[in-house]
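J.: Take a look and give me a structure for this.
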Amino acid sequence: MRRQGARALAILRKICVCAGAYLAVIAIASIFWPRTVLHVGGPQCFDDWCIAVENVSRQPAGGGASYEVTLRLSSRARRISQRENGVAVYLTDNRGQRYDPVPRPSDVPLNVRLGPQESVPATRVFAVPSDAHEPGLVITHEGGFPIGWFIIGYETWFRKPAIVRFE
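T.: Numbering: from 1, shown residues only. As a prediction, the model looks like this:
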């Protein structure tokens, strides 16, 4: 910066133009890139950590239904233990209503530490009213720094998170 302020300012301008162009590409891609739709058994991976819906069972309950969803949390890493913080799952219907899982003390946390090539099952139960149709399980990240905002094709500003459609 000493005695080269004009050159430093020119470099800063170029960096800002490139960063702005990159963010514009992310915004445009997030508008036109369709929502990721998975089916039961299809994994959603975040680097080497994956989550998949293994089984879904529906039981009538009171004025609605209860869905028990069995998830498989797995690690594709070969040498390290890892976890994925901030992962959240919830049911949504055709109207966009959100139904969070019923908290149970026996639930395996979604951020459980997994060893190399390890996998564990995790179950979540959801209570849904009778007027909810076409339920699907949404897999997303909540809380923390939204690093996905800076990755093209990821859950960005205008793109909805991945959903698992129940057959």
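
J.: Check the spatially most central residue of the chain and give its pLDDT.
T.: For the chain, the residue nearest the mean C-alpha position is residue 140 (2.3 Å; CA atoms, centre = their mean). Predicted confidence (pLDDT) for residue 140: 86.

J.: Stretch 59-66: which residues count as buried?
T.: For stretch 59-66, the neighbour count (16 or more other CB atoms under 10 Å) marks residue 65 as buried. No exception for glycine: its C-beta is placed from N, CA and C like everyone else's.

J.: Can you give the distance of that stretch from its chain's centre?
T.: From the chain centre to the centre of stretch 59-66 is a distance of 27 Å (CA atoms, centre = their mean, to the nearest Å).

J.: how about the helices of the chain, start to end?
T.: With helices called from DSSP state H, the chain shows them at 5-32.

J.: quick one: the strands in it?
T.: Per DSSP state E, the chain carries strands over the ranges 37-39, 43-46, 49-61, 64-75, 87-92, 98-99, 119-129, 136-141, 162-165.

J.: Chain neighbours aside, what residue packs nearest to the residue nearest to the centre of the chain?
T.: Distances taken as CB to CB, 6 or more residues apart in numbering put residue 161 closest to residue 140, at 3.7 Å, once the chain neighbours are dropped.

J.: Thought residue 137 was touching the one you found, still the case?
T.: No. Between residue 161 and residue 137 there is no contact under CB atoms under 8 Å: 10.5 Å.

J.: ok, back up a step: and the residue nearest to residue 140, what does it touch?
T.: By CB atoms under 8 Å, 6 or more residues apart in numbering, the contact set of residue 161 is 35, 36, 138, 139, 140, 141, 155.

J.: circling back: let me know which of the strands of the chain is the nearest to residue 110.
T.: Among the strands of the chain, strand 87-92 comes nearest to residue 110, with 4.6 Å by CB to CB.

J.: mind showing which ranges of the chain have poor pLDDT?
T.: Across the chain, the ranges flagged by pLDDT under 70 are 1, 153, 156, 167.

J.: Can you tell me which of the contacts of residue 161 are classed as buried?
T.: Neighbour counting with 16+ other CB under 10 Å marks 36, 138, 139, 140, 141, 155 as buried within the contacts of residue 161.

J.: what would those look like in TSV with distance to residue 56?
T.: Shown next, in TSV, are the buried ones among the contacts of residue 161 (distance: CB to CB, whole Å):
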residue	distance to residue 56
36	18
138	14
139	14
140	18
141	22
155	22
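
J.: List just the nearest of these to residue 61.
T.: Distance to residue 61 across these (CB to CB) is lowest for residue 138, with 20.9 Å.

J.: That closest one contacts residue 162, correct?
T.: Yes. Contact criterion CB under 8 Å: residue 138 and residue 162 qualify, at 7.1 Å.
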